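[1] I need the structure of the sequence given here:
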Amino acid sequence: PLIFYSENRFGVYKDQIVAGELLFKFSRFKVGPILSWQRISDTSYRFQNSCASIFGEYQEKNFNLSGEAAFLSGGGRGGVGEFHIRQERYSLRGIFWSYSSNFIYPPSGGNANPDYELIDLEDLNLSFRSRQSGENGIYLSSMMKITPRLEGEGAFHQWRDGASLVNKSK
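    Prediction:
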């Protein structure tokens, strides 16, 4: 089990996060829930939301497959899947993600570069720059060792706005 608490103050605002996870391990497979809650408040208003996720991971010596599905109390949902293949001379990694347009949860990270979308936090005089809300994307990278002193690498990423399907980056 993992339990996390964080409190930050900036100006008149107080940002609090409480989170926990409980992963169960079965041979090469891990699965479990992750729960988190956040409140950002000033002297008179507050923005509050919580998130419940289910995380799973399968791992072998040279292969890793993982994923997480997240659901916000405000109705937003999102998911991330990742694979990683490692060989002596070659590796390949891929990440796929998709978030609904109402996925507004400041503590969550995100895999995209900072092409943020500005979101107002209810009655607070504060905006949050979300890098997940309404986003669908893919990231692929590979590496090949040609000789002991020469290797090649390549990567591709693309993400788009979920509502308009306009590319934000490629």
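
[2] Neighbouring strands - and their directions - for the helix or strand N49 falls within?
    According to DSSP states H and E, N49 maps onto strand 46-59. Partners of strand 46-59 in the sheet, by DSSP bridges, are strand 29-41 (antiparallel), strand 63-72 (antiparallel).

[3] Contacts for the helix or strand that comes right after the shortest one, please.
    Which is strand 63-72. Per DSSP H and E, strand 63-72 leads on to strand 77-86 as the next helix or strand towards the C-terminus. The contact list for strand 77-86 (C-beta atoms under 8 Å, 6 or more residues apart in numbering) reads 62-71, 91-100, 103, 108, 111, 132. Just so you know, the C-beta spots here come from the backbone N, C-alpha and C atoms, and that holds for glycine as well.

[4] May I have strand 77-86 exported as PDB, CA atoms only?
    Written as PDB, here are the backbone C-alpha positions of strand 77-86 (Å, rounded to 0.1, in the frame of the first residue of the first chain):
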ATOM      1  CA  ARG A  77     -12.800   9.700 -17.600                       C
ATOM      2  CA  GLY A  78      -9.400   8.800 -19.100                       C
ATOM      3  CA  GLY A  79      -7.100   5.900 -20.000                       C
ATOM      4  CA  VAL A  80      -3.500   5.200 -20.600                       C
ATOM      5  CA  GLY A  81      -1.800   2.100 -22.000                       C
ATOM      6  CA  GLU A  82       1.900   1.400 -22.400                       C
ATOM      7  CA  PHE A  83       4.100  -1.400 -23.700                       C
ATOM      8  CA  HIS A  84       7.900  -1.800 -23.500                       C
ATOM      9  CA  ILE A  85       9.900  -4.500 -25.300                       C
ATOM     10  CA  ARG A  86      13.600  -4.800 -24.500                       C
END
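
[5] Just the buried residues of that strand, please?
    By neighbour count with 16 or more other C-beta atoms under 10 Å, strand 77-86 contains the buried residues 78-80, 82-84.

[6] which one of those sits closest to L121?
    The shortest gap between L121 and any of these belongs to G78, at 18.1 Å (C-beta to C-beta).

[7] Might you list the low-confidence residue ranges for this protein?
    The model of the chain has pLDDT under 70 over residues 105-120, 127-131, 161-170.

[8] 80 - rerun?
    Across the chain, the ranges flagged by pLDDT under 80 are 47, 102-134, 159-170.

[9] Not counting residues beside it along the chain, what's closest to P1?
    Closest residue to P1 apart from its sequence neighbours, by C-beta to C-beta, 6 or more residues apart in numbering: L22 at 4.9 Å.

[10] ok, now which ones touch the one you found?
    Listed by C-beta under 8 Å, 6+ apart, the contact partners of L22 are 1-2, 32-33.
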